[in-house]
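Trainee: using only what follows, build the 3D model:
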Amino acid sequence: MKALVKTQKGVGYVEVQDVPEPTPGPGEVKIRIAACGVCGSDIHVFHDTFPYWPPVILGHEFTGAIVELGPECKHFEAGERVVAEPHTRACGVCHLCRTGNIQICAEKRSPGWGIDGGMAEYICYPEKLLHRIPDGMTWEQAAVVEPTANVVTDLIERTGVIAGDFVVVQGPGPIGLIAAMVARAAGACEVAVIGAPGDATMRLKKARELGFEQTVNVGEADPVEAVMDMTGGRGADIVVECSGAPKAIPVTVDLVRKLGKICVIGLTGNRNVELPWDKFAFKVVDVVFNLSTYYTAWDRAISLIHSGAVPAEKLITHREPLENWQRVFEDIENLRALKALLIP
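Mentor: Numbers count the residues shown, from 1 in each chain. Here you go, the predicted model:
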């Protein structure tokens, strides 16, 4: 079968290869991949700035239909359409696993970097990590469930956005725009989206197309002044930091109100960040760091997308065969793409 493989350590070393078709083991199903989203982590693996174990097939945002059941499968049938949590190889016995936090087990090896992923024609996967998708859900909608489940975990389940909150999203990439949609679906009274000059042409434009009229280009306006004007000088109830930019991250404390919350989603790529620590202390803010997904967030994300409350599929700008992966990666890095799907 065809697959997009990171062949060895180092920058680059990604290519489409013919690899053996996998066979499901005990408790696994074989899935025919319908689509696989490109995540920032896939780009980081290409650039050798994210942990991975080569040779490995890239991709963890996949969806498809079950074509074969391995031994001991009890809960799914051939033909069912599914999405999958990426929490493979969690040990099951450490304190984190035993307290229901397999997503941050030190032994976890997710598809796309720790084990073979979904940028291929087929994948074999533990049925215990699967979620059924509704009959009326399109493959494109299903392919954006994984990033949406991340945001649902971070913003709804961990940070606790509630009806009436004024939310600011900093960094209008795919995750930032999904965060804006999730905040609105959770009842936020207003969602403001802040971006850099490079975001103006596509990302901030898309935010407005999605109905977020309060957008701020930091090249044209001071974001703190803008948010204070919007909130009558109070500040945002919740600031969602999705940019991962070391210069932008310290600004979150100036955007948020006293006793407000900062939801951290964006990663810096191991760059250091200088924080005005006393400002955080005197504002008595809650800073909530996040990584990966809770089990409960997946069915919530499926419901939000399927109902139309979070139309995350509207972010898809690229739908390309595996062979066009390089152009897709380049377009993502050069801000010419929002969400891209590779179709095996």
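Trainee: ends of stretch 147-160, how far apart?
Mentor: Separation of the first and last residues of stretch 147-160 by Cα to Cα, to the nearest Å is 18 Å.
Trainee: apologies, that question was intended for stretch 309-320.
Mentor: Stretch 309-320 has an end-to-end distance of 27 Å (criterion: Cα to Cα).
Trainee: how about residues contacting that stretch?
Mentor: Stretch 309-320 has contacts (Cβ atoms under 8 Å, 6 or more residues apart in numbering) with 35, 138, 140-141, 143-144, 147-148, 174, 177-178, 181-182, 185, 202, 206, 209-210, 301, 304-305, 327-328, 331, 337-343. For the C-beta atoms, the positions are set from N, CA and C on the backbone; glycine is no exception.
Trainee: buried subset of those residues as a ChimeraX selection?
Mentor: ChimeraX command restricting these to the buried ones, with burial defined by 16 or more other Cβ atoms under 10 Å:
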select :35,140,141,143,144,147,148,174,177,178,181,182,185,202,206,210,301,304,305,328,331,337,338,339,340,341,342
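Trainee: return the subset of the contacts of stretch 309-320 lying in strands.
Mentor: Judged by DSSP state E, strands contain the following of those: 35, 339-343.
Trainee: now the two most distant members of these.
Mentor: Of all pairs drawn from the ones in strands among the contacts of stretch 309-320, the greatest distance, 13.4 Å, lies between K339 and I343 (Cβ to Cβ).
Trainee: and the protein, what are its domains?
Mentor: As assigned by automatic domain parsing, the chain contains the domains 2-132+311-343, 151-289.
Trainee: to Y295, which of those lies closest?
Mentor: Nearest of these to Y295, taken as Cβ to Cβ: domain 2-132+311-343 at 7.0 Å.
Trainee: so how far is that closest one from its chain's centroid?
Mentor: For domain 2-132+311-343, the separation from the chain centroid amounts to 13 Å (computed by Cα atoms, centre = their mean, to the nearest Å).
Trainee: how far does it stretch from one end to the other?
Mentor: In domain 2-132+311-343, first residue to last residue: 11 Å (Cα to Cα).
Trainee: got the contact list for L155?
Mentor: The contact partners of L155, taken as Cβ under 8 Å, 6+ apart, are 161, 179, 182-183, 186, 238, 240, 263.
Trainee: highest neighbour count among the residues you listed?
Mentor: V240 (34 neighbours; other Cβ atoms under 10 Å).
Trainee: which secondary structure elements does the helix or strand containing it contact?
Mentor: Assessed by DSSP states H and E, V240 sits inside strand 236-241. Packing partners of strand 236-241 (3 or more Cβ pairs under 8 Å, 6 or more residues apart in numbering; DSSP states H and E): strand 166-170, helix 174-185, helix 252-255, strand 256-264.
Trainee: and the last one, what does it pack against?
Mentor: When you say that, I think you mean strand 256-264. For strand 256-264, the elements it packs on are strand 236-241, helix 277-283, strand 286-289, judged by 3+ Cβ pairs under 8 Å, 6+ apart.
Trainee: again, only this time at 10 Å
Mentor: strand 166-170, helix 223-230, strand 236-241, helix 252-255, helix 277-283, strand 286-289 (3 or more Cβ pairs under 10 Å, 6 or more residues apart in numbering; DSSP states H and E).
Trainee: adding mean pLDDT, write these out as JSON lines.
Mentor: Below are the helices and strands packed on strand 256-264 laid out as JSON lines (pLDDT from 0 to 100):
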{"stretch": "strand 166-170", "mean pLDDT": "98"}
{"stretch": "helix 223-230", "mean pLDDT": "98"}
{"stretch": "strand 236-241", "mean pLDDT": "98"}
{"stretch": "helix 252-255", "mean pLDDT": "98"}
{"stretch": "helix 277-283", "mean pLDDT": "98"}
{"stretch": "strand 286-289", "mean pLDDT": "98"}
